[in-house]
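Peer 1: A structural model of the following input is requested.
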Amino acid sequence: MRLCSIASGSSGNCIYIGDDTTHLLVDTGISKKRIEEGLKELEIKGDELRGILITHEHVDHIQGLGVFSRKYAVPVYATHGTIEGIKANKNIGRLPEGLLHEVQVDQTFRLGDMDIRPFAISHDANEPSGYRIENGSKSAAVATDLGIYDDYTIENLKNLNGIVLEANHDIHMLEVGPYPYPLKRRVMGDKGHLSNELSGRLLCDILHDDMSAVVLGHLSKENNYESLAYETVKLEVTMGDNPYKGEELPITVAKRTSVSNIIQL
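Peer 2: Purely as a prediction, here's the structure:
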C-alpha cells in the first residue's frame with residue numbers, strides 16, 4: 001500500500017492511498033490541474049482511480065471535485081450530509097448522474113481490494129468523516145479537521161501502518177495572530193481543528209510498533225509552520241505515557257502546495 005499527500009493545508013487537501021490494483025483519493029480540495037500533476041508523479045491516470053472519498057463539503061476539500069469528476073467520471077463517496085453540502089455548492093457545478101454514492105459512518109464498504117470504513121469526526125460541517133482504509137495486509141487512515149477526539153476516534157485509528165493526522169495550529173500563534181476573535185474561537189473549539197499539542201497526544205494513544213508512517217497534515221498557513229508542528233508533536237510523544245521517543249518515529253509533515261514523498265507502507 002502507498003500513501004502520498006498531493007496537497008495538505010488550510011488552502012487545499014488531496015491525499016492518495018492505494019496499491020497495485022486499487023487507487024483512491026481522499027478529498028479534491030485543489031484544482032484539477034494540480035490533482036493531475038500529483039497523480040502523474042504517482043504514475044497514475046485520472047481514469048484509473050477507483051473512487052474519491054470526501055471527508056466534508058468545505059471548499060478546501062472539494063474545490064476541484066466538479067471539474068475533475070466531469071472529466072474522469074470517478075465515483076464519489078461521502079456521507080449523506082456531505083453529499084447535500086456538495087450539491088448546495090454552486091461553484092462545484094452539476095456532477096454527472098450516478099456519480100455520487102452515499103456511505104454511512106461505522107459501515108465498511110469495499111472498492112477493489114480496499115475495505116473502507118468511514119468514521120465520524122467533530123467539525124463544523126454537515127456530516128464530516130475520516131476514513132480508515134485496509135487492503136488485507138496494510139492499513140492507513142486520514143484524520144483531519146478534528147475539533148476534538150475521544151475514545152471512539154482512538155478506536156478507529158488503532159493498529160494502523162500509516163496515518164495522515166491533523167496538526168493544524170500552534171495555540172500561541174493562533175491567540176496572538178491576525179484572525180478575528182470569533183474565528184479564533186471556532187478554530188480552537190470542539191468543532192474546529194486539532195492543535196499541534198493535541199495531535200501529539202492523539203498520536204500517543206495510537207502508536208504501536210508497526211506504525212511506519214505518520215504524516216502531519218492540514219497545517220494552517222497563518223498559525224503554524226512545518227518545523228514547529230514537527231517538534232511539538234515529537235515532544236508530546238516523548239513526554240507522553242508511552243514507550244516511544246518522538247525522535248525515533250517516522251514523522252513527516254505534508255507539503256502545502258506540492259506533492260510530498262511517496263510512502264510505501
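Peer 1: what about the residue lying closest to Ala213 once chain neighbours are set aside, neighbour count?
Peer 2: Distance criterion CB to CB, 6 or more residues apart in numbering; nearest residue to Ala213, sequence neighbours excluded, is Gly162 at 3.8 Å. Heads up, the C-betas are built off the backbone N, CA and C, glycines and all. If you count neighbours by other CB atoms under 10 Å, Gly162 ends up with 25.
Peer 1: What's the separation between Gly162 and Gly64?
Peer 2: Plainly put, Gly162 is 24 Å away from Gly64 if you go by CB to CB, to the nearest Å.
Peer 1: Kindly check the end-to-end length of stretch 140-147 for me.
Peer 2: 21 Å (CA to CA, to the nearest Å).
Peer 1: my bad, stretch 141-148
Peer 2: Taking CA to CA as the criterion, the two ends of stretch 141-148 lie 17 Å apart.
Peer 1: Does Ser139 touch Arg132 like I think?
Peer 2: Yes. Here Ser139 lies in contact with Arg132, judged by CB atoms under 8 Å, at a distance of 6.7 Å.
Peer 1: For those two, list the residues in contact with both.
Peer 2: Between them, Ser139 and Arg132 share these contacting residues under CB atoms under 8 Å, 6 or more residues apart in numbering: Leu160.
Peer 1: Return the per-residue confidence for the residue nearest to Ala213.
Peer 2: Here, the pLDDT recorded for Gly162 equals 98.
Peer 1: can you check Gly51 too?
Peer 2: At Gly51, pLDDT is 97.
Peer 1: is it true that Pro96 touches Phe68?
Peer 2: No. Judged on CB under 8 Å, Pro96 makes no contact with Phe68 at a distance of 11.5 Å.
Peer 1: These two: which is more packed in?
Peer 2: Phe68 (26 against 13).
Peer 1: which outside residues touch the host helix or strand of the more buried one?
Peer 2: In this structure, Phe68 sits in helix 65-72 according to DSSP states H and E. Helix 65-72 has contacts (CB under 8 Å, 6+ apart) with 28, 31-32, 35, 46-47, 49, 52, 54, 74, 76, 86, 91-96, 99.
Peer 1: Could you list every helix and strand that whichever helix or strand comes after it packs against?
Peer 2: Sequence-wise, the next helix or strand downstream of helix 65-72 (DSSP H and E) is strand 76-79. Counting contacts by 3 or more CB pairs under 8 Å, 6 or more residues apart in numbering; DSSP states H and E, strand 76-79 packs against strand 51-53, strand 100-103.
Peer 1: Tyr152 is nearest to which of these?
Peer 2: strand 100-103 (17.3 Å; CB to CB).
Peer 1: Can you list the buried residues in the closest one?
Peer 2: Using 16 or more other CB atoms under 10 Å as the test for burial, strand 100-103 gives 100, 103.
Peer 1: what do you get for stretch 235-255?
Peer 2: For stretch 235-255, by 16+ other CB under 10 Å, it's 236-238, 240, 244, 246, 249, 251-255.
Peer 1: same deal with stretch 90-101?
Peer 2: Quick answer for stretch 90-101 (16+ other CB under 10 Å): 92, 95, 100.
Peer 1: Tell me, how many residues neighbour Tyr179?
Peer 2: The burial count for Tyr179: 18, using other CB under 10 Å.
Peer 1: That one reaches Gly192, doesn't it?
Peer 2: No. Contact criterion CB under 8 Å: Tyr179 and Gly192 do not qualify, at 11.3 Å.
Peer 1: For the helices and strands packed on strand 76-79, please prepare JSON lines with the additional fields distance to Glu127.
Peer 2: Output for the helices and strands packed on strand 76-79, formatted as JSON lines (distance: least, CB to CB, whole Å):
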{"stretch": "strand 51-53", "distance to Glu127": "14"}
{"stretch": "strand 100-103", "distance to Glu127": "10"}
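Peer 1: among those strands, which is nearest Val187?
Peer 2: That would be strand 51-53 among these, by CB to CB, at 24.2 Å.
Peer 1: That's all I had, so thanks and see you.
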